[in-house]
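[1] Kindly generate the corresponding structure for this input.
(one chain, ligands or ions: 2)
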Amino acid sequence: MSARPERLRVEGIAPGSVRVGGRAPASSDPLILAGPCAIESEEQALRIARRVAASGATGFRGGAFKPRTSPYDFQGLGEEGLAILARVRRETGLLICTEALDGEHLDAVARVADVVQIGSRNMDNPSLLARAGRCGRPVLLKRGFAATLDELLLAAEYVVANGNPRVLLCERGIRTFCDHSRATLDLHAVLRLRARTGLPVLVDPSHAAGLRADVLPLARAAAAVGADGVLVEVHDRPEEALCDGPQAISPDELDQLVGDVRALGGARPLGRCAS
Ligand code: PEP
Ligand code: MN
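    Numbering: from 1, shown residues only. Ligands and ions are numbered 1, 2, ... in the order given. Prediction:
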């Protein structure tokens, strides 16, 4: 690849040009991807997915491969989880968003996923980003805990430069000195990212808040600043969840979130911000 260009390719992408499931996410018609942190069983995934579909959300999220801090925690069902996601897709018609943890499983993930998630721990993994550029699916790229916006955009550039302009950026909270939340949700990043690129910008309030009570207000705030979508964790039996139960909202709360995010995004479309 040649030396760094004057202007990154991601900065030349026009608003509205990234399509997911046939449409371009926008703050006035946001992409809402909802579901459990992890696929735990076929029964759990289908049960929750039916509620997600009924809420009017666009897609179902759920990890088959989980990047856990501890090697002793549940790591996901792997290939079996992907088969369950394929069934969810067939039965509900929801778009599927699921994470590719490594190059070894990327192709298998891309066969099932409508959106391939690259997690925050992998934002700094150039070989995985390059492969995601060749996977043929839209890529949801989560900001690393300690990444600047330049670093996030350069990670997106890896995907785009390898042939895939369909990247969705996701702010999911960063590490700061604050100890009142799991991470600090940087909503200002939504404004700055939308100023620099036409890529859709999503917000994940779940991993930022770390507690369910704060997820809905933060999702509303994200919509109010013009986020093009929300990635949110939902569980109907959070006390039984194998991963991230304390931050999972209920299906009833998801109904509320979908209505509120649509109303706030549509009521005051902000368009592009000045750079
Ligand atoms: C997730 O979305 O389930 C996840 C693991 O997120 P992050 O990579 O932002 O921690
Ligand atoms: Mn999670």
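
[2] tell me the SS of the closest residue to Leu94 other than its chain neighbours?
    Of all residues not flanking Leu94 in the chain, Phe60 sits nearest, at 4.3 Å (Cβ to Cβ, 6 or more residues apart in numbering). To be clear about C-beta, it is placed using only N, CA and C from the backbone, and glycine gets the same treatment. Using DSSP: H, G, I helix; E, B strand; the rest coil, the secondary structure recorded for Phe60 is strand.

[3] thought Phe60 was touching Gly93?
    No. Phe60 lies out of contact with Gly93 (Cβ atoms under 8 Å); the separation is 9.9 Å.

[4] ok, those two, which is more surrounded?
    Phe60 (28 against 10; other Cβ atoms under 10 Å).

[5] Just give me the neighbour total for Thr148.
    12.

[6] From ligand 1, how far out is it?
    16 Å (Cβ to the nearest ligand atom, to the nearest Å).

[7] try Phe177
    19 Å.

[8] what's the answer for Leu218, then?
    Distance from Leu218 to ligand 1, counting by Cβ to the nearest ligand atom: 14 Å.

[9] What mean pLDDT does the host helix or strand of that residue get?
    Here Leu218 sits within helix 215-224, counting by DSSP states H and E. Taken as a whole, helix 215-224 carries a mean pLDDT of 98.

[10] before we move on, what about stretch 73-83?
    Rounded mean pLDDT across stretch 73-83 is 98.

[11] give me the number of residues near the closest residue to ligand 1 within the chain?
    Of all residues in the chain, Gly119 sits closest to ligand 1, at 3.1 Å by Cβ to the nearest ligand atom. A count of neighbours around Gly119, defined by other Cβ under 10 Å, yields 22.

[12] what's the neighbour count on the spatially closest residue to Glu40 that is not a sequence neighbour?
    Closest residue to Glu40 apart from its sequence neighbours, by Cβ to Cβ, 6+ apart: Leu242 at 5.1 Å. Leu242 is flanked by 19 other residues according to other Cβ under 10 Å.

[13] shared neighbours of Phe60 and Gly93, which are they?
    Listed as contacting both Phe60 and Gly93 by Cβ atoms under 8 Å, 6 or more residues apart in numbering are Ala53.
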